[in-house]
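> Prediction below, plus the sequence it came from.
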Amino acid sequence: MSNQEILAALQKYDTPSITNVVATYPSNPLCLGLYNPWQENWYTDQTIKCMYPELGARAGYAVTCVFGLPDPAYKRLTFGDVLRAMDDTAKPTVLVLEQRFPPHLQGKVGLAGGIMTTALKQAGCVGVVSNGPSRDIDEIRPMEMQYLLSGITPGHGELSVWSVNTPVSVAGMSVAPGEIVHMDENGACKFPADKMETVLTNVQEMLKQEADLISQIREAKTGAEIADAMASHSYVNPKQD
């Protein structure tokens, strides 16, 4: 499979299932254990939510940027540089957009509207993850661009791009350019691009085990039978070498 085919296949699975094989269950042999699940910032927190849950999952290579208030001493970057970074990144992409605004403005920045989203989609982007709000939700919906945001608000003032394709932190998730971001209505997680094929293989196998366990639970007649099924199943209690 090509990398694009792998990413398309990963979009068939929800983000919690992806986290299960990335780091959530380090004692399970199907879990890659790429991060300490509690101590490393590899998935998003509850401060953002999915704008279009009906679209399902999206997965792509991270392009990152930071937006903030204009700085008279720094006018080098524009949104055009974000789009050019998309050109230099394999497709599809997910834009991880960190908003660094003063606290009294942080909740009022309706940043990525219809025109910006049209440009992002045309450049090969399939989703945006941001720690701030956006706007033009109805206009964006037909574009089928997935959004994870803190909320929505209708306006903003003058904006400035502070950095492009540098490490960012959004909603508790630290992302470097080129990492894979998987996102859906549960949130987002990231993992190294060179692990995507293994993530796909392992999530498929782990979900088979999960389905087998659920089947045993549904066939059980008592709480004791349910407990026995869960205690003996490798999905819950993996065998240790």
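Nice, thanks for sending it over.

> For the lengthiest helix in the chain, give the mean pLDDT please.
In terms of residue count, the longest helix belonging to the chain (DSSP state H) is helix 196-219. Average pLDDT, helix 196-219: 95.

> now do stretch 134-151
Stretch 134-151 comes out with an average pLDDT of 97.

> Between the two ends of that stretch, how far is it?
This stretch, stretch 134-151, spans 7 Å end to end (C-alpha to C-alpha, to the nearest Å).

> Could you do stretch 25-37 as well?
This stretch, stretch 25-37, spans 8 Å end to end (C-alpha to C-alpha).

> and the most centrally placed residue in the chain, what element?
Taking C-alpha atoms, centre = their mean, the centroid of the chain lies closest to Ala188, which sits 2.8 Å from it. Assigned by DSSP states H and E, Ala188 belongs to strand 187-191.

> Could you figure out how far that strand is turned away from helix 196-219?
Compare the direction of strand 187-191 with that of helix 196-219 by axes from the mean of the first three to the mean of the last three C-alpha atoms, to 10 degrees and you get 130 degrees.

> what about the nearest residue to Leu207 once chain neighbours are set aside, which SS state?
Closest residue in space to Leu207, ignoring its immediate chain neighbours: Ser17 at 6.1 Å, by C-beta to C-beta, 6 or more residues apart in numbering. Glycine gets a C-beta too; all of them are placed from N, C-alpha and C. Secondary structure for Ser17, judged by DSSP: H, G, I helix; E, B strand; the rest coil, is helix.

> Same check on the one 10 residues further on?
Reducing the assignment to helix, strand or coil with three-state DSSP, the entry for Ser27 is coil.

> can you check the one 5 residues further on too?
Recorded secondary structure, Leu32: coil (three-state DSSP).

> what sits against it?
Neighbouring residues of Leu32 by C-beta atoms under 8 Å, 6 or more residues apart in numbering: 21-23, 191, 195, 198-199, 202.

> for the protein, longest strand please?
Ranked by residue count and defined by DSSP state E, the top strand of the chain is strand 58-68.

> buried ones in that one?
Within strand 58-68, the residues that qualify as buried are 58-68, counting by 16 or more other C-beta atoms under 10 Å.

> As CSV, these with pLDDT and distance to His156 would be great.
Shown next, in CSV, are these (pLDDT from 0 to 100; distance: C-beta to C-beta, whole Å):
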residue, pLDDT, distance to His156
Arg58, 98, 24
Ala59, 98, 29
Gly60, 98, 25
Tyr61, 98, 27
Ala62, 98, 24
Val63, 98, 21
Thr64, 98, 20
Cys65, 98, 16
Val66, 98, 15
Phe67, 98, 10
Gly68, 98, 12
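
> between these, which is closest to Gln11?
Nearest to Gln11 among those: Ala59, at 5.3 Å, using C-beta to C-beta.

> Now do the closest one against Gln146, distance only.
To Gln146, Ala59 is 10 Å away according to C-beta to C-beta, to the nearest Å.

> And for Ala8?
Ala8 is 14 Å from Gln146, by C-beta to C-beta.

> of the two, who's got more company?
For Ala8 and Gln146, the more surrounded residue by other C-beta atoms under 10 Å is Gln146, and the numbers stand at 27 against 13.

> Phi and psi next, for the more buried one.
phi -80, psi 140 (degrees, to the nearest 10).

> Show the contacting residues for it.
Gln146 touches 50-52, 55, 57-58, 126-128, 183-184, counting by C-beta under 8 Å, 6+ apart.

> Out of these, which is nearest to Ala73?
Distance to Ala73 across the contacts of Gln146 (C-beta to C-beta) is lowest for Val128, with 28.0 Å.

> still on that earlier bit, tilt between the longest helix of the chain and strand 58-68?
With the same axes, to 10 degrees defining the directions, helix 196-219 sits at 110 degrees from strand 58-68.
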